[in-house]
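**Student:** Attaching a predicted model along with its sequence, questions to come.
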Amino acid sequence: MNTRKTAIIIAITAMFTLSAGSALADEANNRLMTQRDRISEGLRSGALTKREANRLLKQQSRIEKRKARLQQGLDGQMSQKKAKKLDNFQQKAAQRIYKLKTNQRVQSR
């Protein structure tokens, strides 16, 4: 009976760990999409030049590749530590998007 309880606890823990890892990956995907939308909006409004937008989009692509590498080996799941690392990269990217959108350069039309 003790072995059965242990097995149940392990199964429940694994289920929560997998769903938490999946939630972390979903959060990272949502943030990447939001940042890409911010870049597109900045380009449309003229707040970003084409060169700035291209650099930011390349940075987003590098973050996506990094996210894929961080998820390898865990069946697509992401650990808390890896999610925090990815979040730091995304935070730096968000700051750069803001900085470039609010500089005085405007897109020539």
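**Tutor:** It's in.
**Student:** Grab the most central residue of the protein for me.
**Tutor:** For the chain, the residue nearest the mean C-alpha position is Ala28 (3.1 Å; CA atoms, centre = their mean).
**Student:** Could you measure from that residue over to Gln80?
**Tutor:** Applying CB to CB, to the nearest Å, the value for Ala28 to Gln80 is 12 Å. Bear in mind the C-beta positions are built from the backbone N, C-alpha and C, glycine included.
**Student:** Count residues in the vicinity of Asn103, would you?
**Tutor:** Counted by other CB atoms under 10 Å, the residues lying close to Asn103 total 12.
**Student:** next one: Leu57
**Tutor:** Neighbours of Leu57 under the rule other CB under 10 Å: 15.
**Student:** Residues in contact with the one helix or strand Asn54 maps to: which ones?
**Tutor:** Assessed by DSSP states H and E, Asn54 sits inside helix 50-71. In this structure, residues lying in contact with helix 50-71 by CB atoms under 8 Å, 6 or more residues apart in numbering are 25, 28, 32, 35-36, 39-40, 42-43, 48, 77-78, 82-83, 85-86, 89-90, 93, 96-97, 100, 105, 107.
**Student:** how about low-confidence regions in the chain?
**Tutor:** Within the chain, the segments meeting pLDDT under 70 span 1-24, 73-76, 106-109.
**Student:** now with 90?
**Tutor:** 1-32, 39-40, 43-44, 48-50, 66-86, 101-109 (pLDDT under 90).
**Student:** all helices of it, in order?
**Tutor:** Here the chain has its helices, by DSSP state H, at 2-45, 50-71, 80-101.
**Student:** picking up where we left off before, of the contacts of helix 50-71, buried ones?
**Tutor:** 25, 28, 32, 35-36, 39, 42-43, 48, 77-78, 82-83, 86, 89-90, 93, 97, 100, 107 (16 or more other CB atoms under 10 Å).
**Student:** For Ala25, give me its contacts.
**Tutor:** Ala25 sits in contact with Lys67, Gln71, Gly76, Gln77, Met78, Ala83, where contact means CB under 8 Å, 6+ apart.
**Student:** give me that answer again for 6 Å
**Tutor:** Contact partners of Ala25, counting by CB atoms under 6 Å, 6 or more residues apart in numbering, are Met78.
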